[in-house]
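J.: Give me the fold of what follows.
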Amino acid sequence: MSELTAVIINLIGMLVLMFVLLQMQRKHCSFGKRVMTGLGLGILFGFILQSFYGGDSVVIKQSNTWFDVIGSGYVRLLKMIVMPLIVVSITSAITNLQDTKILGKAGVLLIGMLMMTTAVAAMVGAGYSLAFQLNAGSIQAGEAELGAKTNVEKKFTSFTAKPVQQQLIEIIPDNPFYAVTGQGSNATLSVVFFSAFIGIAVLGIKKKKPESAEFFCKAINAVHDVVMRMVTLVLRLTPYGVLALMTGFISTSNFGAMMKLVQFIIASYCSLLTMFAIHMLILSFTGYNPLTYVKKIVPVMIFAFTSRTSAGTMPLTIRTLIDKLGVPEAYANLSASFGTSIGQNGCAGIYPAMLAIMVAPTVGINPLDLGFLVKLVIIVAIGSFGIAGVGGGATFAALIVLSTMGLPVGLVGLLIAIEPLIDMGRTALNVSGAMVAGLVTSKMVSEVDMNIYNQKLVDEETERFSV
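T.: Have a look, this model is predicted:
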């Protein structure tokens, strides 16, 4: 069978699976069930393709270039609407507020919550590294890993971690239109700042120029409705995106290389699951039913897991916080936006801490030393500020922590073989951390709608994602 024929057969197989998802939608299967089905079909199809052709085959590569039209195309659609969503949502939410002091208080609480959970995540990651006795010296590096190590070390020579003061300054955009294009590590926070500034300015002219304020509010609310419709249209494609993304990941995974680092993978996922359990405890202590939370965030977690991008997951995160968890729109946008750049529990918390514990013995440092551990947790929490919520954020978080601790950074490159696999779990935890921060903050300022939170999941006909 020729390569072209094999690729065509694979494409037909993908179309058949997409038709299955389409039929489920026509039969009004719930959004969550369709996303779960897309995940399962993607895993199965990916394994079948790898079994037939091998992960490095030309057929797999050519097939995935077509699958990427669906998977990567869907991720790009989500990223396309992120900035417009932030601008209109935060601006309209503030213009409709009666008391802006509450919003300022909520912002401080959100940032504090995100950084606090990141510090806890660092302790969890360090604890599992010690429990599993992970050591960087025991990692066997192949040619690919050594090449990645060299690349990381070269990148480090031109990389200088910016101090917190500089990162705070850069949140204020010197060109807001440039920030809206998504350029720069602080682009999301810059857009949040500019949008909030617009909203506050409108509130300031409501008494002096009520006609202008009223006109602006009507205009921004109209744009808000259009953007929300765009979000809904894109989110309806989630099951198909998950199917294609997971197929591509499984079909190209190097399971042989992963088995060499299986101990690190197990320790990583033990850390991630433990931190997720801590999220549940935090919700329980603040008056939420954690089981309700888990049931309602399944589609969000699956997409974050398969896409490996916190920023790309943001529209789905925001709609879930508002429509299913009862978080006010302003707080939902703030928590989702902050969560892509501040206090990522997985990428900026657990991962750098695990690597620091692994590297320490190779340079004669006792990882059990209390002073070392306290310093590590503090640096991880502070260093988590400003990590971009896109692929590669964990690498820069690790560079910041390891370099600040005076440790070699080469280990970051040695883990290249398993980076995609652990990044899936890290991204899901990042998103959960942002959602938990939004829920807890909303509860602390008495703004959450518990009726929505406790409402049972409805059928697809009445789900907002299917409108």
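
J.: ok, residues contacting stretch 79-90?
T.: The contact list for stretch 79-90 (CB atoms under 8 Å, 6 or more residues apart in numbering) reads 180-182, 188, 191-192, 194-196, 199, 220, 223-224, 227, 230-231, 234, 309, 311-312, 314-315, 318, 329-330, 332-334, 337. In this view, the C-beta of every residue, glycine as well, is placed from N, C-alpha and C.

J.: secondary structure element for residue 407?
T.: Under DSSP states H and E, no helix or strand contains residue 407.

J.: now swap in residue 421 and tell me
T.: helix 419-444.

J.: what is the rounded mean pLDDT of that helix?
T.: For helix 419-444, mean pLDDT is 91.

J.: What is the helix or strand following that helix packed up against?
T.: Per DSSP H and E, helix 419-444 leads on to helix 450-454 as the next helix or strand towards the C-terminus. Taking 3 or more CB pairs under 8 Å, 6 or more residues apart in numbering; DSSP states H and E as contact, there are no helices or strands that helix 450-454 lies on.

J.: Just the CA trace of helix 450-454, in CSV.
T.: The C-alpha coordinates for helix 450-454 follow below in CSV (Å, rounded to 0.1, in the frame of the first residue of the first chain):
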residue,chain,number,x,y,z
MET,A,450,-24.6,29.6,44.7
ASN,A,451,-27.8,28.8,43.0
ILE,A,452,-25.9,28.5,39.7
TYR,A,453,-23.1,26.6,41.3
ASN,A,454,-25.4,24.0,42.9
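
J.: contacts for that helix?
T.: Contacts for helix 450-454 (CB under 8 Å, 6+ apart): 288, 289, 292, 323, 324, 325, 326, 439.

J.: mind listing what's buried in the helix or strand where residue 214 lies?
T.: Secondary structure assignment for residue 214, by DSSP H and E: helix 210-235. For helix 210-235, burial by neighbour count (16 or more other CB atoms under 10 Å) applies to 213, 216, 217, 220, 224, 227, 228, 230, 231, 232, 234, 235.

J.: Residue 24 contacts residue 33, correct?
T.: Yes: at 7.1 Å, residue 24 and residue 33 qualify as touching, with contact defined as CB atoms under 8 Å.

J.: From the contacts of stretch 79-90, list just the buried residues.
T.: 180, 182, 188, 191-192, 194-196, 199, 220, 224, 227, 230-231, 234, 309, 311-312, 314-315, 318, 329-330, 332-334, 337.

J.: Phi and psi next, for residue 287.
T.: Note on residue 287: backbone dihedrals following degrees, to the nearest 10 are phi 100, psi 10.

J.: I meant to write residue 29 there.
T.: According to degrees, to the nearest 10, residue 29 has phi -70, psi 150.

J.: can you redo the buried residues of helix 210-235 as TSV with distance to residue 277?
T.: Formatted as TSV, these follow (distance: CB to CB, whole Å):
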residue	distance to residue 277
213	47
216	45
217	43
220	41
224	37
227	35
228	34
230	36
231	31
232	32
234	32
235	28
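
J.: just to revisit the earlier point, looking at the buried ones among the contacts of stretch 79-90, which are in strands?
T.: Here DSSP state E is the test, and these give no hits in strands at all.

J.: List the ones among those residues that fall in helices.
T.: 180, 188, 191-192, 194-196, 199, 220, 224, 227, 230-231, 234, 311-312, 314-315, 318, 329-330, 332-334, 337 (DSSP state H).

J.: Dihedrals phi and psi, residue 367?
T.: Dihedral angles for residue 367 - degrees, to the nearest 10 - are phi -70, psi -10.

J.: Just give the number of residues close to it.
T.: Residues within reach of residue 367, counting by other CB atoms under 10 Å, total 19.

J.: what do you get for residue 350?
T.: Residue 350 - counted by other CB under 10 Å - has 34 other residues nearby.

J.: Kindly report the same for residue 206.
T.: Neighbour tally, residue 206, other CB under 10 Å: 14.

J.: For it, give me its contacts.
T.: residue 213 are the contacts of residue 206 under CB under 8 Å, 6+ apart.

J.: What distance do you get for the most centrally placed residue in the chain to residue 378?
T.: The residue lying closest to the centre of the chain (CA atoms, centre = their mean) is residue 310, at 2.1 Å. The gap separating residue 310 from residue 378 is 23 Å, by CB to CB, to the nearest Å.

J.: what does residue 395 give?
T.: From residue 395 over to residue 378 (counting by CB to CB), the distance is 21 Å.

J.: Dump the C-alpha coordinates for stretch 319-328 into PDB.
T.: C-alpha atoms of stretch 319-328 as PDB (Å, rounded to 0.1, in the frame of the first residue of the first chain):
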ATOM      1  CA  ARG A 319     -17.700  30.500  30.300                       C
ATOM      2  CA  THR A 320     -17.600  27.700  32.800                       C
ATOM      3  CA  LEU A 321     -16.900  30.000  35.700                       C
ATOM      4  CA  ILE A 322     -19.900  32.200  34.700                       C
ATOM      5  CA  ASP A 323     -22.400  29.800  33.400                       C
ATOM      6  CA  LYS A 324     -21.800  26.700  35.500                       C
ATOM      7  CA  LEU A 325     -20.100  27.900  38.700                       C
ATOM      8  CA  GLY A 326     -21.900  31.200  39.300                       C
ATOM      9  CA  VAL A 327     -18.800  33.400  39.400                       C
ATOM     10  CA  PRO A 328     -19.500  37.100  38.400                       C
END
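
J.: okay, residue 24 and residue 33: which has more neighbours?
T.: residue 24 (17 against 14).

J.: helix, strand or coil for that one?
T.: Of the three states, residue 24 takes helix under DSSP: H, G, I helix; E, B strand; the rest coil.

J.: element containing the residue lying closest to it once chain neighbours are set aside?
T.: Nearest non-adjacent residue to residue 24, counting by CB to CB, 6 or more residues apart in numbering: residue 34, 5.1 Å away. According to DSSP H and E, residue 34 maps onto helix 31-53.

J.: which other residues reach that helix?
T.: 6, 10, 13-14, 17, 20-21, 24-25, 29, 59-60, 63, 238-253, 298-299, 302-303, 306, 457, 460, 463, 465-466.

J.: again, only this time at 6 Å
T.: Identification of contacts with helix 31-53 by CB atoms under 6 Å, 6 or more residues apart in numbering yields 17, 21, 24, 59-60, 238-239, 242-243, 246-247, 250-251, 298-299, 302, 463, 465.

J.: Now go through those and say which are in strands.
T.: Within the contacts of helix 31-53, no residue falls in strands by DSSP E.
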